[in-house]
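Trainee: Got a predicted model here, sequence first, then my questions.
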Amino acid sequence: MKRIVVFGGTFDPVHQGHLRIIDAIERHISPHRILVIPCGQPPHRAAPIASGEHRSEMLRLACNNRPSLVVDDRELRSDTLSYSYLTLKDVQLEYPDALLYMTLGWDSLASFTRWHRWQDILDMSCLLVVGRSSKEDQEYIGLQEVPAEIGLSVEKLEAANQATRCIVELPFDEIDCSSTEVREALRFGASAEHVLKPQVIEYIKKYNLYQS
Ligand code: ATP
């Protein structure tokens, strides 16, 4: 069965943390497609700073030479709030026979039960959770009511060929960085070279993004 991984985010801008997550997805899931989906209108946070077009273009520049990866603008084209449930539903229509996976960080998992139709998300896909916090923080606080198999290892997942109602820890080469830190650094004229791809730096300079 085809494996389709959805990796959504604001990508404002895309940085090494995101790229390492994509590496981990490729390594551990071997998907047919990774759909990297820049968020159009985030329902739970402030609007992104850079336009959808700029965020999407930076993703394309950062992710070239990855045959299984598609930068997918479906949320940018939509005029509704970017609920993951709606995006997954849309992806499911496009790939009706595939196993669907949705990637998110631990910080996002902490608020998962407040997401629009989160139970339906669990019925449609397997959550791939990548670490960001310390081991102590990685308790499944507030997720007791989640009707899913939690903490399954990627290897077990493969053996079971399971792709719904499970939350899997995706091992990844952790790096402590965020788009917020990148934007702050750029705003104050500092360099963010260690976490941005050179082509993304060039693009940011060309369009004067993230200046105060
Ligand atoms: P911001 O600082 O603007 O909130 P971000 O760096 O968290 O942005 P997003 O585009 O919002 O980036 O992230 C998309 C997903 O990637 C989220 O689920 C987030 O938790 C995860 N993520 C981003 N950076 C890292 C990182 N360094 N380690 C682990 N997960 C990360």
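Mentor: Sure thing, it's come through. All values reported here derive from a predicted model rather than from experimental measurement. Residues are numbered from 1 along each chain as shown.
Trainee: now check stretch 86-102, is it near the ligand?
Mentor: No. Stretch 86-102 is not in contact with the ligand by CB under 6 Å from any ligand atom; minimum separation 9.8 Å. C-beta here means a position set from N, CA and C on the backbone, and glycine is covered the same way.
Trainee: can you list contacts of that stretch?
Mentor: 1-8, 25, 29, 31-33, 35, 37, 74-75, 78, 80, 84, 116, 121, 124-128, 161, 163 (CB atoms under 8 Å, 6 or more residues apart in numbering).
Trainee: Can you turn the buried part of the residues you listed into a ChimeraX selection?
Mentor: One line in ChimeraX is enough to select the buried members of the contacts of stretch 86-102, burial here meaning 16 or more other CB atoms under 10 Å:
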select :3,4,5,6,7,8,25,29,31,33,35,37,74,75,84,121,124,125,126,127,128,163
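Trainee: Among the contacts of stretch 86-102, which are located in strands?
Mentor: If you go by DSSP state E, the contacts of stretch 86-102 have 3-8, 33, 35, 37, 126-128 in strands.
Trainee: Buried residues in stretch 104-122, which are they?
Mentor: Buried, per 16+ other CB under 10 Å, within stretch 104-122: 104-106, 108-109, 112, 115, 118, 121-122.
Trainee: Going by distance to residue 211, which of the residues you listed wins?
Mentor: Ranked by distance to residue 211 (CB to CB), these are led by residue 105 at 27.2 Å.
Trainee: got the contact list for residue 63?
Mentor: Contacts for residue 63 were tallied using CB under 8 Å, 6+ apart; they are 14, 19, 22, 36, 69, 71.
Trainee: Over to it: give its phi and psi.
Mentor: Torsion angles at residue 63 (phi, psi; degrees, to the nearest 10) stand at phi -110, psi 20.
Trainee: Quick check: residue 95 vs the ligand, distance?
Mentor: Look at residue 95 and the ligand: by CB to the nearest ligand atom, to the nearest Å, they are 21 Å apart.
Trainee: Also residue 101?
Mentor: Residue 101 is 13 Å from the ligand, where distance means CB to the nearest ligand atom.
Trainee: What of residue 194?
Mentor: Between residue 194 and the ligand the computed distance is 12 Å (CB to the nearest ligand atom).
Trainee: Quick check, pLDDT for that residue.
Mentor: Note for residue 194: predicted pLDDT of 94.
Trainee: check contacts around it.
Mentor: Residues near residue 194 by CB under 8 Å, 6+ apart: residue 16.
Trainee: Could you work out the most separated pair of the contacts of residue 63?
Mentor: Across the contacts of residue 63, the longest distance by CB to CB is 12.8 Å; it joins 19 and 71.
Trainee: Quick one: mean pLDDT over stretch 34-47.
Mentor: Mean pLDDT, stretch 34-47: 94.
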